[in-house]
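**Q** Structure for this input, please:
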Amino acid sequence: MGKRRGRLKGVDVRAGSVRQARLEAGLSLAAVADGVVTRAAIHLIESGRSRPSQPTLELIARRTGRPVSFFLVPRRGGAGAFAESLYELELELLAGRPAAVVARAGELASSALSAWVRARLDLALGQAEVELGLSAAEGHLQDARDAFSGQGDAEMELRAEVALIGWLDARGDPRAVRMAEEALPRTRALNPPQPELEAELEGQLARSLVRAQEWARARDHYQGALGGPPPLDLDQMAERHQESARWHGAQGDGERAEHHLRAALTLRRLKRYAMLRSEMEEGLGEVLVHLGEWSGAEEWLRHSARQAEAFGFGHRVAQILLALAEIEIERGDTGAAERALAEASGAAQGAPDSGRRAMLQGRLHALRGEPGPARERFELALRQLRAEGDAEALVRCHTAYSALLEQWGDTAGALDHAKRALATARREQPD
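**A** Numbers count the residues shown, from 1 in each chain. This is a model prediction of the structure:
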């Protein structure tokens with residue numbers, strides 16, 4: 001008989017944190033329990049009469065949309081001991097919960113912190129107070145800016161300054177324009193570059209100029225903010241964080257190295273998730289094409305194309321546009337199909353004509369009543385699809401060509417391609 005497993009050790013959680021997370025998520029006790037644990041177990045944890053095991057705490061975190069560290073009792077002592085809690089404050093801010101940042105900041109401010117962590121705390125607290133319209137924001141942001149300046153951290157100094165400029169501008173303070181103009185060249189000189197920070201500052205300057213009714217200058221700065229590189233190059237952003245982590249690690253600054261490594265890891269995971277989601281949206285769209293559900297297919301494919309383009313997946317944008325062209329051909333809309341094929345060619349960035357694209361061009365010629373060009377494109381498509389080894393598309397190409405040849409009175413040719421489609425499909429069947 002196997003050894004009986006012992007009961008899992010309970011985890012200390014912050015008083016009231018489980019109930020707070022549940023109520024803010026709008027969930028019942030049963031919804032949090034999710035059938036994995038009992039409703040009564042969640043109630044006992046909320047009331048402090050029971051400590052959750054690590055798996056139960058992770059379940060609560062997933063159901064309420066909070067990180068596990070939100071529920072943990074803050075650690076005490078040691079340099080950098082509060083960094084993890086500070087990360088959570090910054091995440092609360094990005095999630096649009098400034099009141100939670102102000103409420104929890106006191107837990108950290110009363111403890112011994114390193115100068116850099118305290119400066120980041122002042123920055124997060126000041127940004128939250130800006131959103132809440134609290135007058136203490138200006139002092140916290142100035143303290144953060146001065147602290148980062150004293151530490152020689154030009155990037156964080158400018159991030160604090162941008163937040164301070166936004167605070168001043170919201171109150172009609174004329175210093176906002178001057179400060180933004182002085183900060184812009186320093187932001188452009190950052191190494192490594194921070195294009196998203198530069199765009200944020202230039203946008204803030206444009207808004208300040210709108211308040212001053214300097215329309216032409218506001219236009220120029222808005223165009224400058226929007227004319228830079230897209231802000232979603234996650235690989236480049238992650239690499240910048242990894243470089244910063246290596247540099248700070250070499251300087252013996254483990255706190256900042258850890259901060260940058262966490263950011264890089266998050267960005268890499270986001271890029272992977274974006275790729276997987278876009279691929280799944282494309283897959284669903286293509287399934288709906290096969291089922292003849294054109295409207296649903298188009299919706300998913302267009303969203304997938306936007307995501308793929310935003311994240312720099314140009315090769316996949318071309319494939320998605322081909323699927324959209326096929327929908328328009330099925331609908332009989334030659335103009336829309338032609339536009340989609342032209343866009344697919346542009347997205348392919350000069351790559352040789354693919355077999356799928358040639359097949360769709362053949363179908364488009366056939367739809368227009370142009371059998372000569374249609375035959376030419378289908379023959380090209382068949383050669384290319386064989387070379388590409390795309391058996392599924394090859395079967396579809398033979399089948400579509402067979403139907404057209406029969407329609408044009410070429411019975412022998414139609415039969416030949418029907419047989420080829422069947423033979424190709426059989427070769428792909430598992431033994």
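**Q** How far away from the center of its chain is stretch 175-191?
**A** 28 Å (Cα atoms, centre = their mean, to the nearest Å).
**Q** Can you list the buried residues in that stretch?
**A** Of the residues in stretch 175-191, 176, 177, 179, 180, 183, 184, 187 count as buried by neighbour count, 16 or more other Cβ atoms under 10 Å. In this view, the C-beta of every residue, glycine as well, is placed from N, C-alpha and C.
**Q** So which bits of stretch 275-293 are buried?
**A** Residues of stretch 275-293 classed as buried: 275, 278, 281, 282, 284, 285, 286, 288, 289 (neighbour count, 16+ other Cβ under 10 Å).
**Q** From the chain's centroid, how far away is the longest helix anywhere in the chain?
**A** Ranked by number of residues, the top helix in the chain under DSSP state H is helix 254-290. Helix 254-290 has its C-alpha centroid displaced from the chain centroid by 6 Å (Cα atoms, centre = their mean).
**Q** Can you name every helix or strand that the strand or helix carrying residue 126 contacts?
**A** For residue 126, the host element (DSSP states H and E) is helix 115-132. Secondary-structure packing of helix 115-132 (3 or more Cβ pairs under 8 Å, 6 or more residues apart in numbering; DSSP states H and E): helix 83-94, helix 98-109, helix 137-150, helix 154-170, helix 254-290.
**Q** and of those, who's closest to residue 248?
**A** Residue 248 lies closest, by Cβ to Cβ, to one member of the helices and strands packed on helix 115-132: helix 254-290, at 4.0 Å.
**Q** And the average pLDDT for the closest one is what?
**A** Averaged across helix 254-290, the pLDDT comes to 77.
**Q** and the angle from that helix to helix 154-170?
**A** Calculated by axes from the mean of the first three to the mean of the last three Cα atoms, to 10 degrees, helix 254-290 forms an angle of 70 degrees with helix 154-170.
**Q** So which bits of the strand or helix carrying residue 412 are buried?
**A** Assigned by DSSP H and E, residue 412 belongs to helix 411-428. Using 16+ other Cβ under 10 Å as the burial criterion, the residues of helix 411-428 that qualify are 413, 414, 417, 418, 420, 421, 424, 425.
**Q** now those as TSV including distance to residue 18 and pLDDT?
**A** Listed next are those as TSV, based on distance: Cβ to Cβ, whole Å; pLDDT from 0 to 100:
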residue	distance to residue 18	pLDDT
413	71	93
414	69	92
417	65	93
418	65	92
420	64	92
421	60	89
424	59	87
425	56	84
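**Q** Flag every buried residue along stretch 160-177.
**A** By neighbour count on 16+ other Cβ under 10 Å, the buried set for stretch 160-177 is 160, 161, 162, 163, 164, 165, 166, 167, 168, 169, 176, 177.
**Q** How about stretch 359-379?
**A** Buried residues in stretch 359-379, defined by neighbour count with 16+ other Cβ under 10 Å: 359-367, 374-375, 377-378.
**Q** From those, which land in helices?
**A** Within these, residues falling in helices by DSSP H are 359-367, 374-375, 377-378.
**Q** The helix holding residue 126 - what's its average pLDDT?
**A** Helix 115-132 shows a mean pLDDT of 88.
**Q** residues in contact with the closest residue to residue 143 other than its chain neighbours?
**A** Once flanking residues are discounted, residue 143 sits nearest to residue 122: 4.7 Å by Cβ to Cβ, 6 or more residues apart in numbering. Contacts of residue 122 were listed using Cβ atoms under 8 Å, 6 or more residues apart in numbering, and they are 140, 141, 143, 144, 147, 160.
**Q** Before I go, just wanted to say thanks for your time.
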